[in-house]
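Enquirer: what's the 3D shape of this:
(4 chains)
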2 protein chains.
Amino acid sequence: MYNLEQLRMFVETANLGSFSACARKLGKVQSAVSQGIANLEIDFDRQLFDRSTRKPSLTPDGTRLLSYAQAILLQMDELDSAAQAMGRQEEALIRLAVDNALLLPNFYAVLARFERQFSATDIEVVSTTSFDVLEAIESDQADIGLTFVEFDFNRDVELGYIGSLNFYPVCHPQHSLAQVNEITAGDLLPHRQVMSRSSKGSVPTQLPQLSSKAWFCNNYTAMQSLTEQGIGWAYLPAYLAEESIQAGNLKKMKFSFDHKTWKLSIEMVRQKNKAMGPALAWLHDELKSLLDE
Amino acid sequence: MYNLEQLRMFVETANLGSFSACARKLGKVQSAVSQGIANLEIDFDRQLFDRSTRKPSLTPDGTRLLSYAQAILLQMDELDSAAQAMGRQEEALIRLAVDNALLLPNFYAVLARFERQFSATDIEVVSTTSFDVLEAIESDQADIGLTFVEFDFNRDVELGYIGSLNFYPVCHPQHSLAQVNEITAGDLLPHRQVMSRSSKGSVPTQLPQLSSKAWFCNNYTAMQSLTEQGIGWAYLPAYLAEESIQAGNLKKMKFSFDHKTWKLSIEMVRQKNKAMGPALAWLHDELKSLLDE
DNA sequence: TAATAACCATCGGTTTTGGTGATATGTATA
DNA sequence: TATACATATCACCAAAACCGATGGTTATTA
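Expert: Prediction:
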């Protein structure tokens, strides 16, 4: 029966076009490679290389089998690197809980880098409301999370400020509030506000309810779509709002009482006193500068 | 360095939950497996099994590495079966050229069975017009083909009748011809016919042009769509026509001169005097009964 | 044309490895 | 407590892989 070393000889020889070169690369003598390949050919009962020319060249059969051999070696590399990763105590799985407003391009870029660094560690991304993110961390359903600050959540989690995100009040361009130049609190009252709310019914503490009626979503893109339909006004993350404003689907509202744009503080959350493996530590570090530019 | 036999012991032991059982299955003694696994654990520098209980059970690390090991063994099976397929002279690639009207569910079913039978043989399907199918076979761009009979193609290919397909004349329900109860050749003349035509400009010899104006497609689904748009009338394969008639998008036309429905003869084509490998022979045989029910 | 340098196949001798069988130990079950 | 079944360990053996030397072949260069 053939073995992995012979398969390695096979692909190396195919790459280098020479038994001796392959031997040098693999730290063996030429005759070992010569015999190894010969044995492989006996096992497969196929000739892999044509030796009639100066340099051994792949036969059609060899070409066809080569891709299979390469696949095996690739899998083997993954097995090795997985074993090594485990030697470095890298986690098998990291569960991320993220407020859906924070699924920024930068966030995905961090995950892409993570993949390259820790290919043996799986990732689970759950996007939800900030309140649910905090609950997921607290109940050990997630290892690390990104949330907006929630003032009334004083439980046992480890928080760290990492930046902020602008929110704009917006409504449909034809909405009656869109025409008003200095919207007062009284103006807002009779209208409908589209708001975020967690699965447990918690409303974000940083964004006030200013209208008497409200519709609730658990994600901001739904809020964006509803507002675009003219169903009400909403505070939307700047990047979503601007996208719609550019397209002419939404208009920024002018409040008489908001002198500065709303900035929601963003925190990274972890379980208190829980050890971090190398992968989680790396992620924790990288996410700190998620909001930097 | 670990080897394939050890990986096999690993997955077998994990499956059976016992070193001895694994040894029995692999035809070795128990101590061989015990040592093999122990050596694997040394190589990986990870403990794979927990021996504290009665039956060795996978550690978390073992579970994680098991899937990698299984992947390698699967790849190995594929390598083996590819090598064996080559020993049986099975082809690396079979190129099919098929008139696009003949891409019937049955056709795909045959390919699905082919895949199970000849997993090491790749398939290339080119769908085009019958005339181009014949040309592809003749010029060795395809190994086997399915076409409608083309009376003016008398070149060096091997043909065999395998059945026939009904064609209906159809037009949009609002089309003026849709209302006529006994359409004569004269009625058709002023209208537009949607027709199939090959890349070289050849028109199918079995389906006549009956109208003065024509639009041309190289595939029948395009003809179906154009006809559904009311752009003209067309002869369509029964299965396409009926689909649209059911949906109310097309209507079958009543010709005074077509007393029976048009039946186009279908042939299987191969290059003359060219040897068939086992895979091609199988396919040739299966496709013979493509039109049977 | 001769010399040189690379390359590959083959073969005897040595080392390594995987496998065997015996034995000791441990653990459920009756 | 006896039994049946599992696993770890060890000494030993045979097959395999490997090494180094040799000879034949083919390009390249002087």
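
Enquirer: Look up how far DNA strand C lies from A:Ala234.
Expert: The gap separating A:Ala234 from DNA strand C is 61 Å, by Cβ to the nearest atom of the strand, to the nearest Å. No exception for glycine: its C-beta is placed from N, CA and C like everyone else's.

Enquirer: Which parts of the stretch 1-150 of chain A are helices?
Expert: With DSSP state H, counting those that start in this stretch, the ranges of helices along the stretch 1-150 of chain A come out as A:4-16, A:19-26, A:30-44, A:60-87, A:105-117, A:130-138.

Enquirer: what angle sits between the fourth one and helix A:4-16?
Expert: So that's helix A:60-87. Helix A:60-87 runs at 120 degrees relative to helix A:4-16, counting by axes from the mean of the first three to the mean of the last three Cα atoms, to 10 degrees.

Enquirer: now the helices for the stretch 151-293 of chain A?
Expert: So, for the stretch 151-293 of chain A - with DSSP H, counting those that start in this stretch - the helices run A:176-179, A:185-188, A:220-228, A:238-246, A:278-288.

Enquirer: Any chance of JSON lines for those, columns mean neighbour count, distance to B:Val133 and mean pLDDT?
Expert: Compiled in JSON lines, the helices of the stretch 151-293 of chain A are given as follows (neighbours: other Cβ atoms under 10 Å in any protein chain shown; distance: least, Cβ to Cβ, whole Å; pLDDT from 0 to 100):
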{"stretch": "helix A:176-179", "mean neighbour count": "15", "distance to B:Val133": "62", "mean pLDDT": "92"}
{"stretch": "helix A:185-188", "mean neighbour count": "15", "distance to B:Val133": "69", "mean pLDDT": "92"}
{"stretch": "helix A:220-228", "mean neighbour count": "20", "distance to B:Val133": "48", "mean pLDDT": "95"}
{"stretch": "helix A:238-246", "mean neighbour count": "17", "distance to B:Val133": "49", "mean pLDDT": "95"}
{"stretch": "helix A:278-288", "mean neighbour count": "18", "distance to B:Val133": "55", "mean pLDDT": "96"}
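
Enquirer: Of all those helices, which one comes closest to DNA strand C?
Expert: Each of those was scored for nearness to DNA strand C using Cβ to the nearest atom of the strand, and the closest is helix A:278-288 (30.9 Å).

Enquirer: Counting by contacts, list what that closest one packs against.
Expert: Using 3 or more Cβ pairs under 8 Å, 6 or more residues apart in numbering or on different chains; DSSP states H and E as the contact criterion, the elements in contact with helix A:278-288 are strand A:93-99, helix A:105-117, strand A:144-148, strand A:157-171, strand A:262-271.

Enquirer: For the third one, what does the pLDDT average out to?
Expert: Along strand A:144-148, the predicted confidence averages to a pLDDT of 96.

Enquirer: Packing partners of that strand?
Expert: Packed against strand A:144-148 by the contact rule (3+ Cβ pairs under 8 Å, 6+ apart) you find strand A:93-99, helix A:130-138, strand A:262-271, helix A:278-288.

Enquirer: the inter-axis angle of it versus helix A:278-288?
Expert: Using the same axes, to 10 degrees, strand A:144-148 lies at 20 degrees relative to helix A:278-288.

Enquirer: Can you tell me what sits against strand A:144-148?
Expert: A:94-99, A:101-102, A:107, A:130-131, A:133-134, A:136-137, A:162, A:165, A:204, A:206, A:264-270, A:280, A:283-284, A:287, A:290 (Cβ atoms under 8 Å, 6 or more residues apart in numbering or on different chains).

Enquirer: Roughly how far does the residue in the stretch 51-200 of chain A positioned nearest to DNA strand D sit from A:Ala14?
Expert: Nearest to DNA strand D in the stretch 51-200 of chain A, going by Cβ to the nearest atom of the strand, is A:Arg54, at a distance of 4.0 Å. Between A:Arg54 and A:Ala14 the distance, using Cβ to Cβ, to the nearest Å, works out to 16 Å.

Enquirer: List the contacts of A:Gly277.
Expert: Residues in contact with A:Gly277, defined by Cβ under 8 Å, 6+ apart, are A:89-91.

Enquirer: Same question for A:Leu290.
Expert: A:102, A:104, A:106-107, A:110, A:146, A:162-163.

Enquirer: at 10 Å what do you get?
Expert: A:Leu290 sits next to A:102, A:104, A:106-107, A:109-110, A:146, A:162-163, A:266, A:268 when contact means Cβ atoms under 10 Å, 6 or more residues apart in numbering or on different chains.

Enquirer: Is it possible to get CSV of the residues you listed that adds distance to B:Leu236 and neighbour count?
Expert: Output for the contacts of A:Leu290, formatted as CSV (distance: Cβ to Cβ, whole Å; neighbours: other Cβ atoms under 10 Å in any protein chain shown):
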residue, distance to B:Leu236, neighbour count
A:Leu102, 53, 25
A:Leu104, 51, 16
A:Asn106, 53, 16
A:Phe107, 51, 19
A:Ala109, 51, 12
A:Val110, 54, 17
A:Leu146, 56, 24
A:Ile162, 62, 17
A:Gly163, 62, 17
A:Ile266, 60, 22
A:Met268, 62, 19
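
Enquirer: so which of these would you say is closest to chain B?
Expert: Out of the contacts of A:Leu290, the one with the shortest distance to chain B is A:Val110. That distance is 23.6 Å, counting by Cβ to the nearest Cβ.

Enquirer: Skipping its backbone neighbours, what lies nearest that closest one in space?
Expert: Nearest residue to A:Val110 in three dimensions, chain neighbours excluded: A:Glu286, at 4.9 Å (Cβ to Cβ, 6 or more residues apart in numbering or on different chains).

Enquirer: wait, isn't that neighbour in contact with A:Phe118?
Expert: No: counting by Cβ atoms under 10 Å, A:Phe118 is not a contact partner of A:Glu286; they are 11.2 Å apart.

Enquirer: I'd like to know how far A:Phe107 sits from A:Asn100.
Expert: The value you get for A:Phe107 to A:Asn100, if Cβ to Cβ is used, is 11 Å.

Enquirer: Any chance you could list residues touching both of the two?
Expert: Common contacts of A:Phe107 and A:Asn100, defined by Cβ under 10 Å, 6+ apart, comprise A:Ser127.

Enquirer: give the contact list for the residue lying closest to A:Arg46 once chain neighbours are set aside.
Expert: Distances taken as Cβ to Cβ, 6+ apart place A:Asp61 nearest to A:Arg46, at 4.4 Å, with adjacent residues excluded. Each residue near A:Asp61 by Cβ under 10 Å, 6+ apart is listed here: A:41, A:44-49, B:82-83, B:86-87, B:92.

Enquirer: For these, please prepare TSV with the additional fields distance to DNA strand C.
Expert: Formatted as TSV, the contacts of A:Asp61 follow (distance: Cβ to the nearest atom of the strand, whole Å):
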residue	distance to DNA strand C
A:Glu41	9
A:Phe44	15
A:Asp45	16
A:Arg46	14
A:Gln47	10
A:Leu48	10
A:Phe49	7
B:Ala82	22
B:Ala83	19
B:Met86	20
B:Gly87	21
B:Ala92	24
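
Enquirer: Tell me the buried residues within the residues you listed.
Expert: With neighbours counted using 16 or more other Cβ atoms under 10 Å in any protein chain shown, those contain these buried positions: A:41, A:44, A:46, A:48-49, B:82-83, B:86, B:92.
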